[in-house]
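Q: coords below, sequence missing:
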């Protein structure tokens with residue numbers, strides 16, 4: 001897979017580029033809607049293509065392994081055919097679930113033993129198994145198996161975890177290189193930088209993972225509760241170390257403001273459950289700011305959800321109508337809110353690309369950060 005940089009912003013590290021995969025070109029910066037279990041919640045695949053204009057989505061190894069299982073996915077011809085999606089897919093290796101299932105797992109050098117949250121059965125994930133599962137899923141971009149450290153995290157734990165993640169990375173790379181892709185499409189493996197919020201560890205981790213010479217690199221272990229300033233500092237440091245000619249993926253980030261700021265730090269790829277999860281709770285992201293659609297103030301507001309986003313779902317429904325649907329717990333409310341939020345995220349990265357190309361990204365970004373972060 002080839003990555004080509006098109007333009008770099010003169011006042012920041014922001015850049016536009018194209019990541020060429022066998023299932024299509026990914027224009028960067030890009031946001032990847034999260035389809036954890038083979039679905040972006042409340043959104044049809046047709047809407048992802050036609051309304052949201054998503055170029056790539058994300059799936060999760062842990063959840064897909066447990067249900068429907070790799071046997072079903074293999075019989076279907078891979079996740080793409082199973083869900084009727086012909087564009088690229090990136091899979092998280094399950095490392096974040098290692099972090100989030102702290103009470104139900106045990107970590108050792110071999111890997112992780114965990115209790116299935118569905119039926120309580122015991123399973124193991126190792127670097128090799130994580131690669132095998134992602135091969136079976138058929139993801140275009142496969143993530144290395146890692147441990148995502150919590151925040152706050154003691155330095156001693158962070159360094160031990162990072163060293164183990166690097167040992168796991170070697171096992172991932174060795175196993176990836178001796179196995180073959182499935183379903184006739186090339187797959188890429190991305191290593192992950194860890195090191196919590198310790199600059200020296202982040203530097204060591206970044207330098208270590210690039211020695212494996214892969215198609216792209218990810219930054220993990222951020223957006224786990226640390227202050228935004230810490231996240232930006234670690235992202236900035238690592239971006240300076242990672243190769244300029246490879247895509248950089250910041251995992252699990254974040255708010256529209258976070259994404260804009262991290263684009264300016266040189267990040268190319270993002271994912272986050274926030275737009276769909278918050279949508280289901282009635283929180284909307286718009287070009288003018290954040291709306292809690294449950295609030296009384298929207299009861300008689302018949303204006304469009306987001307007039308600035310011409311041509312999107314934002315123009316078809318009023319705030320008053322969506323408020324009625326959400327308060328009535330109608331399924332359509334979750335669908336419309338999810339479409340709005342994902343449309344906003346994809347609109348933002350497309351606008352970012354446009355302004356990087358024009359050379360005025362930094363000025364535009366500073367204005368947009370103020371707008372999208374305010375509560376209406």
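A: Right, received. Where do you want to start? Keep in mind that this is a model prediction, so the values were computed, not measured.

Q: Can you tell me the element the residue of the chain positioned farthest from its centre falls in?
A: Relative to the centre of the chain, the most outlying C-alpha is that of residue 300, 35.7 Å out, by CA atoms, centre = their mean. Here residue 300 is covered by no helix or strand, with elements defined by DSSP states H and E.

Q: quick one: what helix or strand has the nearest residue to it once chain neighbours are set aside in it?
A: Leaving aside its sequence neighbours, residue 300 sits nearest to residue 320 (CB to CB, 6 or more residues apart in numbering; 6.0 Å). (C-beta placed from N, C-alpha, C; glycine too.) Secondary structure from DSSP H and E places residue 320 in helix 319-327.

Q: what's next to that helix, contact-wise?
A: Applying CB atoms under 8 Å, 6 or more residues apart in numbering, the contact partners of helix 319-327 are 282, 284, 291, 293-295, 298-305, 332-334, 336-337.

Q: Beta-bridge partners for the closest residue to residue 374 other than its chain neighbours, please?
A: Nearest residue to residue 374 in three dimensions, chain neighbours excluded: residue 289, at 4.1 Å (CB to CB, 6+ apart). When assigned by DSSP bridges, residue 289 has beta-bridge partners residue 286.

Q: How much space separates residue 289 from residue 223?
A: As for residue 289, its distance to residue 223 is 21 Å (criterion: CB to CB, to the nearest Å).

Q: which residues sit in contact with residue 74?
A: 136, 182.

Q: what's the answer for residue 62, then?
A: Applying CB under 8 Å, 6+ apart, the residues near residue 62 are 92, 94, 97, 125.

Q: what does residue 16 give?
A: 5-7, 27-29, 353, 356-357 are the contacts of residue 16 under CB under 8 Å, 6+ apart.

Q: in this protein, which helix or strand is least confident?
A: helix 95-100 (a mean of 70; mean pLDDT, DSSP states H and E).

Q: Quick check: neighbours of the helix or strand just after that one in the sheet, parallel or antiparallel?
A: Moving toward the C-terminus from helix 95-100, the next helix or strand (DSSP H and E) is strand 105-107. The pairing partners recorded for strand 105-107 under DSSP bridges are strand 112-115 (antiparallel).

Q: And the contacts of the partner strand?
A: Counting by CB under 8 Å, 6+ apart, 94, 97-98, 101, 104-106, 121-126 sit against strand 112-115.

Q: 10 Å instead, please
A: Here strand 112-115 makes contact (CB atoms under 10 Å, 6 or more residues apart in numbering) with 62, 66, 94-95, 97-98, 101, 103-107, 121-126, 129-130, 145, 147, 168.

Q: Identify the residue spatially nearest to the residue nearest the centre of the chain, adjacent ones excluded.
A: The residue lying closest to the centre of the chain (CA atoms, centre = their mean) is residue 271, at 1.7 Å. Leaving aside its sequence neighbours, residue 271 sits nearest to residue 32 (CB to CB, 6+ apart; 4.3 Å).

Q: what about the strands in the stretch 201-350 of the chain?
A: Using DSSP state E, counting those that start in this stretch, the strands of the stretch 201-350 of the chain run over 217-219, 248-250, 269-271, 283-286, 289-292.

Q: most neighbours per residue, which of those?
A: Among the strands of the stretch 201-350 of the chain, judged by mean count of other CB atoms under 10 Å, the one packed with the most neighbours on average is strand 248-250 (a mean of 27).

Q: Just the endpoints, please. Distance across stretch 193-201?
A: Counting by CA to CA, to the nearest Å, you get 9 Å between the two ends of stretch 193-201.

Q: I'd like the average pLDDT over it.
A: The average pLDDT within stretch 193-201 is 98.

Q: Please apply the same query to stretch 342-353.
A: 97.

Q: ok, now stretch 11-24?
A: Here the average pLDDT along stretch 11-24 is 98.

Q: That stretch spans what distance, first to last residue?
A: 30 Å.

Q: how far does it sit from the chain's center?
A: Distance of stretch 11-24 from the chain centroid (CA atoms, centre = their mean, to the nearest Å) equals 15 Å.
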